[in-house]
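Colleague: When you get a sec, could you give me coordinates for this:
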Amino acid sequence: MSEKIRNHWLILVVVALAQFMVVLDTSIVNVALPAVQHAFHMTESNLQWVVTAYTLAFGGFLLLGGRAADLFGRRKMFMLGTAIFGVASLLDGLSQSGTMLMSLRAAQGLAAALMSPAALSIVLVTYREGHERNTALAVWGAVASGGAAAGVLLGGVITQYLGWRWNFFVNVPVAALVIAAAWRLVPAHESEETHNQLDLPGAISITGALMLLVYGLVEAPSHGWTAHSTLAYFTMSAALLAYFVMNEQRSKHPLVPFHIFRVRNVTAADLIQMPVIAGMYSTFFFTSLYTQLVLGYSPVRTGLSFLVIPVTIAIAATNVPRLVKRVGFKPILMVAPLVTATALFWLSRVRVHGNYVHDLLPAFVLMGFGMGATFVAITIAATSGVKGKESGLASGLLNTAQQIGGALGLAILTGLATSSAAKYLKHSTAAPNKLTMLTAQVHGFHTAFYVATGFLVSASVLAAVLLKQQKVSPHEVEAAVSAAAAG
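Modeller: You can find the predicted model right below:
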């Protein structure tokens, strides 16, 4: 193998390793949540910010990161994002309070938003369209899926044997290795644009609006939905959102060109994606707490218990493209969310003295099949029929909807779970003891899973009402599956 060809594929190893780190950090923290909660004496509503701060910043700045890679050079933004990610990870591990950890998780999310689009862009310009690029995207997708699966297991092993802080420390040497290899192997990929106007006001305003909205949703159950503070958060969020819309309409180079939403299926797919992810994120957050705090599982056992989900996702995702060619994406997006809704409804019946086989395994299997079918079909819906030059924008919007939907959903569900548990304790006649507290917590989980079930049912309804069924060519299916794997 010549040195040029060898370096050609080493580039894929470098950028895939970075993407593995980004995906890993989304899932690795879930298993460590009880340990973090104990270390900083955090409430459940505050604990969700360890996850939400990362996903909100990631989703809020994702389109900005992709644009920055185009304007200022892909390698430059990739290395900058990786460096920030490594430093933020180090400081995460050194956190001395919950507030410090949550703030640094937001910094990690910003770094991931710079890294991930630049990494994918490097893949797309390095490998020729056709078999070579499809092979690279298949490897990329396998690494991304592996990161999600490995996260729950590695999170358990690291938390149990090294401590929760090492879930962040492990990123530091990996980030250093990626930066050194990128400097040596990845071409500069300087900007091909004739301008360097970055829509920073648009990115800051939309991210600020979302953070204020989420914070208001988190605080509302304890302060009251009509409290002055709650209304203030919602008002400021609405004002920033209005500014974002005006800014995008006036900007010469907007972060989100609104004309893309004239494509009906793009708008529909983004709207469907949000309740889908809002419901599904609850599975990992609440079941991580349930398995460790209620069932008494160790972090390692918790991680192992989740592995059935990525296995069933892979089975579904492999077979769905053939089904799309036969019946189209609309019927699948009407049915698959209902499969996931069934899984969430099953989880709404978890017991204080439950067990894995009865309370979790059937739901996890259904969840995996529903998720795998939904992810592939919704990516096909969001990208087929879109002009080639706008396919990247369509994929970026779908990924942004995923992160934002997850953050908003988790904020809503943790607020409801916390308030539901508090009401249970208030009206309980049992003596306050450990069993009563666990029963109240599980009661809160039930409420969260009931509402999450509603999210998935609403996604099915949106698919039935909004999606326009259209014939999808085999080429479009292949391209969309590659995009799903990449995202």
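
Colleague: and the residue nearest to I84 when sequence neighbours are not counted, what does it touch?
Modeller: Leaving aside its chain neighbours, I84 sits nearest to A111 (3.8 Å; criterion: Cβ to Cβ, 6 or more residues apart in numbering). For every residue, glycine as well, the C-beta is placed using N, CA and C. With contact taken as Cβ atoms under 8 Å, 6 or more residues apart in numbering, A111 is in contact with G81, T82, A83, I84, F85, A88.

Colleague: Top of the residues you listed by number of neighbours, please.
Modeller: Counting neighbours by other Cβ atoms under 10 Å, T82 leads the contacts of A111 with 30 neighbours.

Colleague: That residue touches I179, doesn't it?
Modeller: Yes: applying Cβ atoms under 8 Å as the test, T82 and I179 come out as touching, 5.3 Å apart.

Colleague: Distance-wise, check L162 relative to G296.
Modeller: Going from L162 to G296 by Cβ to Cβ, to the nearest Å gives 21 Å.

Colleague: What of V31?
Modeller: Counting by Cβ to Cβ - V31 and G296 are separated by 14 Å.

Colleague: Helices of the stretch 151-300 of the chain, start to end?
Modeller: Counting by DSSP state H, counting those that start in this stretch, the segments of the stretch 151-300 of the chain that form helices are 166-169, 171-185, 200-223, 228-250, 264-289, 299-305.

Colleague: and A377, which of these is closest to it?
Modeller: helix 264-289 (9.2 Å; Cβ to Cβ).

Colleague: Any buried residues in that closest one, and which?
Modeller: 265-289 (16 or more other Cβ atoms under 10 Å).

Colleague: same thing with stretch 454-463?
Modeller: So, applying 16+ other Cβ under 10 Å, buried residues of stretch 454-463: F455, L456, V457, S458, A459, S460, L462, A463.

Colleague: per-residue confidence for the last one?
Modeller: Going back to what we said before, that points to A463. Looking at A463, its pLDDT stands at 93.

Colleague: Setting the sequence-adjacent residues aside, check what's closest to it.
Modeller: Per Cβ to Cβ, 6+ apart, closest to A463 is L333, 3.9 Å.

Colleague: One more: L323?
Modeller: Per Cβ to Cβ, 6+ apart, closest to L323 is I332, 6.4 Å.

Colleague: Mind pulling up the pLDDT for that neighbour?
Modeller: pLDDT, read off for I332, is 91.

Colleague: Quick check: it vs V13, distance?
Modeller: In this view, I332 and V13 are 34 Å apart by Cβ to Cβ.

Colleague: So which of those two has more stuff around it?
Modeller: Higher neighbour count among I332 and V13: I332, with 21 against 14, using other Cβ under 10 Å.

Colleague: now the more buried one: how far from T318?
Modeller: In terms of Cβ to Cβ, I332 sits 14 Å off from T318.

Colleague: V451 against T414, yeah?
Modeller: No: counting by Cβ under 8 Å, V451 does not reach T414; the two are 10.9 Å apart.

Colleague: So which of these two has more stuff around it?
Modeller: T414 (27 against 20).

Colleague: Give the rounded mean pLDDT of the helix or strand where that one lies.
Modeller: Following DSSP states H and E, one finds T414 within helix 391-427. Averaged across helix 391-427, pLDDT comes to 82.

Colleague: Run the angle between it and helix 200-223 for me.
Modeller: 20 degrees (axes from the mean of the first three to the mean of the last three Cα atoms, to 10 degrees).

Colleague: now whatever helix or strand comes next after helix 391-427: how far from the chain's centre is it?
Modeller: Downstream of helix 391-427, the next assigned helix or strand under DSSP H and E is helix 434-466. Relative to the centre of its chain, helix 434-466 is centred 18 Å away, using Cα atoms, centre = their mean, to the nearest Å.

Colleague: can you check stretch 355-363 too?
Modeller: That offset, for stretch 355-363, works out to 24 Å (Cα atoms, centre = their mean).
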